[in-house]
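**Q** prediction below, plus the sequence it came from.
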Amino acid sequence: MTDDLIATAGEYVAGLMSPEEQETFERLIASDPVARSAVADWRSRLLALDETAPRLTPSAGLWPAIETAIGAARPGQAKPGWFARLWQDVSALRLATLAGAAAALVMAVLLVTQPFGGAGKPTVVAVLNAPNTSEAGAIVEAFADGRIRVVPLRAIPVPEGRVLQVWTLWDRQVGPRSVGLMERAEARDYATSGMPRPVDQQLYEITLEPAGGSPTGRPTGPILYVGRGATPL
Amino acid sequence: MVAVGADLKDALARCAGGDKAALRMIYESECAAMIGVAARIVKRRELAEEVVQEAFVKIWRNAHRYDPGLGPAKAWIYAIVRNQAINTLRSGRREDLVDEVPEDAGSVVEAYAAAERLPDGQALRRCLEGLEARRRTSLLMAYVDGFSHGEIAGRLGLPLGTVKAWIRRSLLALRECMG
């Protein structure tokens, strides 16, 4: 084992690589048993450091959340349910939030051009982005009185027999709740009740559902746009 | 309840076969420590739980990929936790810029306490102690706190290239010392 490989494997295990370096190195690991054992060697050597971490008691909801996330899927199945992916894949959602940076400009313009006249100030504003791109697709404004305004930012094609459905999630234990349906992409106000006051980081999304809305009361179709809310200054 | 290595190895094999009770066993044994490891990196308790939740999903889905020939099950499990914590924190970005040092930087660096908690007489502890203090700190800040090269350079007031070179050399020195 060369010094270069030892040092590089150590950097990999210490989490010091850029995503590109990491990807390249992981390709090497996949094909090269020497690199694989260099990584395993560091993991074993440095494990004692992980063992110095304080033990922090998990909150009561953690195990149920894990069980929900793994669902009925057997391990090794490459394709987790899209539902689990959406609500459990924190990194994807963070990416969506990141993508909001680009959309912030759009939002700023919107806020300027559509001042909240007599409607009052929204408690939470969210920019929804396409899950895999930074394309902003809609803005959500949620008000303290339960009203939620959804403003599409681009044409969203709705095939025959389908409908757009808006969802929100404020508590994983409760699960996603429907805000309402949208037959075609246009700004709409929804009156909701029975939902707590919107909070920072509350999740909003638009999915494509069968006409009449999701038959299960939970999102069943593809996620078109998703984002987390923030409290406007 | 803390499982011994053989139990964890066995539990991973059972997870690969679809036995949820085995995942629960790993949870009972390791979850609290996993949250501790994640919290040192993400610095927020609530976020640490999200990291651990995702880590358990990955353990469940990838248990069949664990190769006992490549080290202890526990090392495999904690590698997943640390990867997930770093990815969560950086949303997939590592920027090699020298970052601004936050006001409370001193209070959030866990590297020092971790080194002190290593058992006396352990090779890792002895060999870390053999490194020059700032080099040791650089390496520990990466592993324990999940800091990037840039963050470490910012905190220690060192050029990025110096930190990169120090860490590589420290890794080689550590490896040689541990034998």
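**A** Structure's in. What do you need?
**Q** now the strands: where do they sit in chain B?
**A** Taking DSSP state E to define them, one finds no strands in chain B.
**Q** how about low-confidence regions in it?
**A** Of all residues in chain B, those with pLDDT under 70 make up the ranges B:1-3, B:5, B:91-108.
**Q** give the full set of residues in contact with the nearest residue to B:Gly179 once chain neighbours are set aside.
**A** Spatially, and ignoring its direct neighbours in sequence, B:Gly179 is nearest to B:Ala123 (7.4 Å; C-beta to C-beta, 6 or more residues apart in numbering or on different chains). To be clear about C-beta, it is placed using only N, CA and C from the backbone, and glycine gets the same treatment. By C-beta atoms under 8 Å, 6 or more residues apart in numbering or on different chains, the residues touching B:Ala123 are B:Cys177, B:Met178, B:Gly179.
**Q** would you reformat these as JSON lines and include distance to B:Gly36?
**A** As requested, the contacts of B:Ala123 are exported to JSON lines (distance: C-beta to C-beta, whole Å):
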{"residue": "B:Cys177", "distance to B:Gly36": "27"}
{"residue": "B:Met178", "distance to B:Gly36": "24"}
{"residue": "B:Gly179", "distance to B:Gly36": "29"}
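**Q** what helices and strands are in contact with the helix or strand where A:Leu46 lies?
**A** Using DSSP states H and E, A:Leu46 falls within helix A:33-50. Counting contacts by 3 or more C-beta pairs under 8 Å, 6 or more residues apart in numbering or on different chains; DSSP states H and E, helix A:33-50 is packed against helix A:3-13, helix A:19-31, helix B:73-90, helix B:123-129, helix B:133-145, helix B:160-178.
**Q** and A:Ala7, what's its pLDDT?
**A** On the pLDDT scale, A:Ala7 is placed at 97.
**Q** with A:Thr220 instead?
**A** 79.
**Q** domain ranges for the chain, per the record?
**A** No chain in the question, so chain A it is. The record's domain parsing of chain A by automatic domain parsing lists A:3-50, A:82-230.
**Q** actually it's chain B I care about, not the one you picked
**A** In the assignment given by automatic domain parsing, the structural domains of chain B cover B:5-90, B:105-178.
**Q** in a markdown table, list the domains of chain A along with mean neighbour count.
**A** As requested, these are arranged in a markdown table below (neighbours: other C-beta atoms under 10 Å in any protein chain shown):
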| stretch | mean neighbour count |
| --- | --- |
| domain A:3-50 | 18 |
| domain A:82-230 | 17 |
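**Q** rank those domains by pLDDT, which is bottom?
**A** domain A:82-230 (a mean of 78).
**Q** ok, A:Val150 touching A:Ala138?
**A** Yes. Using C-beta atoms under 8 Å as the test, A:Val150 is close enough to A:Ala138 to be in contact (5.9 Å).
**Q** between those two, which contacts overlap?
**A** A:Ile206.
**Q** separation between A:Pro159 and A:Thr2?
**A** The gap separating A:Pro159 from A:Thr2 is 57 Å, by C-beta to C-beta, to the nearest Å.
**Q** tell me what A:Ile223 is bridged to.
**A** A:Thr207 (DSSP bridges).
**Q** which residues touch A:Arg36?
**A** Contacts were defined as C-beta under 8 Å, 6+ apart; by that measure A:Arg36 touches A:Ile29, B:Leu70.
**Q** where do the helices sit along chain A?
**A** A:3-13, A:19-31, A:33-50, A:62-70, A:82-88, A:90-113 (DSSP state H).
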